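**Student:** here are the coordinates; sequence isn't available:
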């Protein structure tokens with residue numbers, strides 16, 4: 001797996017051993033980030049990468065001009081891969097790697113411009129996750145949800161874009177009400 005574009009284009013990203021993580025394909029990552037770029041959602045942004053796995057989504061955001069990225073992961077092998085990747089790529093100064101459960105850690109996080117949420121395909125608690133993400137968002141923030149199925153969020157969210165890439169549904173969401 002490699003960084004698709006930006007300042008780190010072509011650099012290798014190490015994925016954790018085993019099947020605990022499911023990396024987003026290069027094709028899907030390229031399309032996702034091209035769409036984010038067209039929305040002006042990357043440059044200078046503070047990014048939160050949930051269920052980070054290898055860190056590929058957050059690393060891609062940093063490569064394309066995000067200011068900072070916080071990676072949240074609980075799997076030890078995935079955490080080792082993320083830490084190795086950010087060190088090897090020279091982006092540790094713009095990265096924060098948090099070990100633990102996403103719902104627990106979200107309680108202390110705030111002011112993210114872009115949230116990348118890529119839980120395992122069988123994940124089915126999107127309503128709860130979006131409720132937990134909401135207080136973490138800066139005004140006009142964007143949430144990108146990668147799921148194994150089409151999402152139907154509550155009325156508090158509007159779907160900005162959605163696209164299917166193979167088995168993955170990628171949905172771009174914004175809060176529909178001002179806080």
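**Tutor:** In hand now; what should we look at? Being a predicted model, the structure only gives us computed values, none of them experimental.
**Student:** residue 103 and residue 131 touch, don't they?
**Tutor:** No. Look at residue 103 against residue 131 with CB atoms under 8 Å: they stay out of range, at 9.9 Å. Any C-beta I mention is one placed from the backbone N, CA and C, and that applies to glycine too.
**Student:** need the per-residue pLDDT for the residue most central in space within the chain.
**Tutor:** By CA atoms, centre = their mean, the chain has its centre lying nearest to residue 116, at 2.2 Å. Note for residue 116: predicted pLDDT of 97.
**Student:** please name the nearest non-neighbouring residue to it.
**Tutor:** Nearest residue to residue 116, sequence neighbours excluded (CB to CB, 6 or more residues apart in numbering): residue 57, at 4.4 Å.
**Student:** now do the one helix or strand the one you found maps to: which elements does it pack against?
**Tutor:** Using DSSP states H and E, residue 57 sits within helix 56-63. In terms of contacts (3 or more CB pairs under 8 Å, 6 or more residues apart in numbering; DSSP states H and E), helix 56-63 is packed against helix 26-38, strand 46-50, strand 68-73, strand 112-117.
**Student:** kindly recompute the last result at 10 Å.
**Tutor:** Helix 56-63 sits against helix 26-38, strand 46-50, strand 68-73, helix 76-88, strand 95-99, strand 112-117, strand 137-147, with contacts defined as 3 or more CB pairs under 10 Å, 6 or more residues apart in numbering; DSSP states H and E.
**Student:** the residue nearest to residue 116: neighbour count?
**Tutor:** A total of 28 residues lie near residue 57 under the criterion other CB atoms under 10 Å.
**Student:** residue 77 and residue 122: what is the separation?
**Tutor:** Per CB to CB, to the nearest Å, residue 77 is found 19 Å from residue 122.
**Student:** what's the weakest-modelled helix or strand in the protein?
**Tutor:** helix 26-38 (a mean of 88; mean pLDDT, DSSP states H and E).
**Student:** and that helix, what does it pack onto?
**Tutor:** Looks like helix 26-38 contacts helix 56-63, strand 112-117, strand 137-147, strand 157-165, strand 168-175 (3+ CB pairs under 10 Å, 6+ apart).
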